[in-house]
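# Could you look at this predicted model? Sequence included:
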Amino acid sequence: MTTILITGANRGIGLEFAKQYAAEGADVIACCREPAKAAGLKAIKGKVRVMALDVGDAASVAALKKELGDTPIDIVINNAGVSSPKAKDGAIDVDAWLAAFRVNSVAPALVAHALKPNLMKGKDKKLVTLTSQLGSIADDSGGFQPYSATKAAVNSLMHSLAKNWAKDGIVVGIFHPGWVQTDMGGSGAPVKVADSVKGLRARIAELDAAKSGTYRDFENRPLPW
């Protein structure tokens with residue numbers, strides 16, 4: 001039985017991951033900030049364990065690790081993320097910018113390091129982080145700072161982890177889910193949530209040492225750094 005942990009699992013892409021993996025019979029550990037309000041997760045049929053996690057709070061990550069103990073985890077999916085205020089000429093909201101970096105950049109690395117022992121006990125040993133095409137420096141058209149910067153930062157961190165943890169047998173996926181019809185992406189986005197997750201699951205399934213640390217979208221197209 002495959003065990004999969006998903007952050008930000010109470011809505012959008014995270015919720016769809018939980019639904020699709022549970023439908024296949026996987027053991028799903030669905031993490032969100034307020035489990036009591038996660039009606040969508042509780043309605044899923046299958047083996048879904050809802051656990052509290054605020055990825056931006058180091059104490060919350062530590063508490064999750066303590067509760068999980070030595071539970072083997074095959075796949076960790078860093079899905080939680082936030083949008084951020086657009087940069088305005090001459091006016092930077094420092095607190096808002098730092099909050100975005102905390103959740104989008106630092107938190108995936110924090111979760112990865114906390115759960116590395118669990119991944120080491122798993123069969124697949126796959127660490128997956130959802131990023132964005134907007135994190136591509138080569139493709140940056142401007143206008144989305146600091147969000148683009150938070151995604152460029154997490155791309156770099158995960159690419160580095162792929163190299164550092166290769167000796168441990170852990171493979172790292174860095175995936176852009178597309179412009180998806182979620183609360184963040186908006187109803188006018190061209191990609192349906194179910195289609196994005198179906199593609200992402202295919203990318204996760206084929207993730208191996210040769211693909212570890214590469215930057216790709218849900219349809220397997222390589223993206224420039």
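Thanks, I have it. Numbering: from 1, shown residues only.

# Please count neighbours and contacts with C-alpha atoms only from this point.
Fine.

# Show me where the protein dips below the pLDDT cut-off.
Counting by pLDDT under 70, the low-confidence segments of the chain come to 86-90, 184-185.

# For the protein, just list every one of the helices.
According to DSSP state H, the chain carries its helices in the segments 12-23, 39-42, 58-68, 94-101, 107-121, 147-164, 193-206.

# ok, and which of these has the densest surroundings?
helix 12-23 (a mean of 22; mean count of other CA atoms under 10 Å).

# I'd like to check what contacts it. Which residues are they?
With contacts defined as CA atoms under 8 Å, 6 or more residues apart in numbering, helix 12-23 is touched by 6-9, 27-28, 30, 40-41, 44-48, 79-80, 182-183, 193-194, 196-197.

# chain center to that helix, what's the gap?
Put simply, helix 12-23 sits 13 Å off its chain's centre (CA atoms, centre = their mean, to the nearest Å).

# what's the answer for stretch 114-122, then?
Offset of stretch 114-122 from its chain centre (CA atoms, centre = their mean): 16 Å.

# Could I have the CA atoms of that stretch written out in CSV?
The C-alpha trace of stretch 114-122 is given here as CSV (Å, rounded to 0.1, in the frame of the first residue of the first chain):
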residue,chain,number,x,y,z
ALA,A,114,11.3,17.2,8.8
LEU,A,115,9.9,14.2,6.9
LYS,A,116,13.1,12.9,5.3
PRO,A,117,13.4,10.1,7.9
ASN,A,118,9.8,9.0,6.9
LEU,A,119,10.7,9.1,3.2
MET,A,120,13.8,7.0,3.9
LYS,A,121,11.5,4.3,5.4
GLY,A,122,9.2,4.4,2.4
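
# Now do the same contact list for the residue lying closest to Thr131 once chain neighbours are set aside.
Excluding its sequence neighbours, the residue lying closest to Thr131 (CA to CA, 6 or more residues apart in numbering) is His176, at 5.1 Å. Residues near His176 by CA under 8 Å, 6+ apart: 130-133, 215-218.
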